[in-house]
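Student: Below is the structure, and that's it, no one-letter string:
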């Protein structure tokens with residue numbers, strides 16, 4: 001048999017086998033899935049800047065704009081998919097003016113640990129401003145969450161550290177009255193970050209009570225305080241599942257005075273924040289500090305709980321840490337440099353399943369087509385070989 005005859009036969013055999021076809025198509029699909037855009041509904045449209053599939057607040061405060069975008073340029077808008085609907089945000093503070101227009105009636109009766117039966121009276125404004133950052137319709141993150149005012153501070157003494165017995169009593173009240181129908185809750189504590197540091201017995205009792213709350217499914221968010229110190233080790237900062245929050249500036253730097261370090265889980269905007277205030281039902285004020293960064297994270301936790309009502313406290317923490325913008329804060333080291341980010345990050349891996357099935361189907365169709373189209377050439381080559389052999 002001549003060389004040209006053997007070449008004809010070999011060429012006719014060079015068609016891809018079924019496994020090779022499937023592998024090639026599947027690898028291409030996986031590459032597109034894992035390396036391509038995360039999902040169309042979380043990426044802004046290049047022409048309009050809008051996020052398809054999301055709600056958008058225009059003329060939003062810079063803090064809302066910042067936490068819903070990874071990087072500049074910022075557009076003055078707040079994009080969100082969830083509102084914290086059905087989630088309770090407990091504000092342990094000076095009381096909250098819940099009649100303010102920023103809350104639109106989204107509150108339930110609270111508790112006054114000072115025995116004055118005035119949880120909805122805020123003589124200072126701090127509690128109202130904190131609640132606004134967490135759940136305000138105009139100024140807050142979780143625009144559908146329910147505010148629960150828990151008054152633990154008397155502003156007349158100027159202290160940010162509540163008396164021990166009333167404070168523990170307030171935490172007990174939350175444990176006893178929080179609905180057991182699956183309603184989720186977040187506690188925001190924008191108080192002295194060094195509660196009872198010189199009272200070890202009280203600090204231990206506080207830790208125990210916080211553990212009870214978290215075991216009951218309540219997420220605890222705590223302001224990191226403003227002593228400008230690193231590696232805070234007093235209760236509750238040393239508790240792993242408590243979300244301790246530091247503050248940042250407009251230009252993504254650590255807010256002067258904000259605590260930082262390993263014990264600070266997340267950072268959030270903490271200066272020039274326009275928030276609802278207690279002067280009237282329409283009044284606003286401009287605030288700064290970790291006290292107002294913490295409720296931004298509390299609002300973000302409420303969004304996660306609406307998204308996944310069955311998430312454990314540890315899972316909520318992990319979700320917020322995983323979604324955070326890493327390395328955004330200019331003067332903090334890597335590793336403990338996470339700026340809260342509120343938009344869901346799509347899980348790419350489930351997309352692999354339909355793509356794999358599609359790849360299998362395409363592979364089968366292509367293999368069948370190639371087999372049919374190349375079969376005649378192969379048979380002709382064999383016939384030619386047989387005729388040549390018979391003539392020889």
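Tutor: Structure's in. What do you need? This structure is a prediction, so every number in the text was calculated from the model and none was measured.
Student: for the chain, what spans make up the helices?
Tutor: Here the chain has its helices, by DSSP state H, at 3-13, 18-35, 62-67, 126-135, 164-177, 200-215, 290-307, 313-323, 352-391.
Student: what residue ranges in the stretch 51-200 of the chain score low on pLDDT?
Tutor: Along the stretch 51-200 of the chain, the parts satisfying pLDDT under 70 run over 51-52, 157-158, 193.
Student: swap the cut-off to 90 and go again
Tutor: Residues of the stretch 51-200 of the chain meeting the criterion pLDDT under 90: 51-54, 71-74, 115-119, 121, 123, 154-162, 191-200.
Student: State the number of residues packed around the residue nearest to residue 85 when sequence neighbours are not counted.
Tutor: In space, and not counting its chain neighbours, residue 85 is closest to residue 144: 3.7 Å by Cβ to Cβ, 6 or more residues apart in numbering. The way it works is simple: take the backbone N, C-alpha and C, and place the C-beta from them, glycine included. Residue 144 has 19 neighbouring residues, counting by other Cβ atoms under 10 Å.
Student: Could you measure from residue 153 over to residue 339?
Tutor: For residue 153, the distance to residue 339 equals 28 Å [Cβ to Cβ, to the nearest Å].
Student: Which one's more surrounded, these two?
Tutor: Between residue 153 and residue 339, counted using other Cβ under 10 Å, residue 153 has the larger neighbour count: 28 against 21.
Student: Any idea how many residues pack against the closest residue in space to residue 291 that isn't next to it in sequence?
Tutor: Spatially, and ignoring its direct neighbours in sequence, residue 291 is nearest to residue 190 (3.8 Å; Cβ to Cβ, 6+ apart). Neighbourhood size, residue 190 [other Cβ under 10 Å]: 30.
Student: residues touching residue 190, list them.
Tutor: Listed by Cβ atoms under 8 Å, 6 or more residues apart in numbering, the contact set of residue 190 reads 93, 126, 130, 223, 290, 291, 292, 294, 295.
Student: Max pairwise distance over these: which two?
Tutor: Distance extremes for the contacts of residue 190: the farthest pair is 93 and 290 at 13.5 Å, using Cβ to Cβ.
Student: higher neighbour count, those two?
Tutor: Neighbours were counted for residue 93 and for residue 290 using other Cβ under 10 Å; residue 93 has more, 30 against 27.
Student: ok, the more buried one touching residue 154?
Tutor: No. Using Cβ atoms under 8 Å, residue 93 is not in contact with residue 154, being 11.2 Å away.
Student: how about the strands in the stretch 1-150 of the chain?
Tutor: Along the stretch 1-150 of the chain, the stretches classed as strands by DSSP state E, counting those that start in this stretch are 55-58, 77-80, 88-93, 107-112, 146-151.
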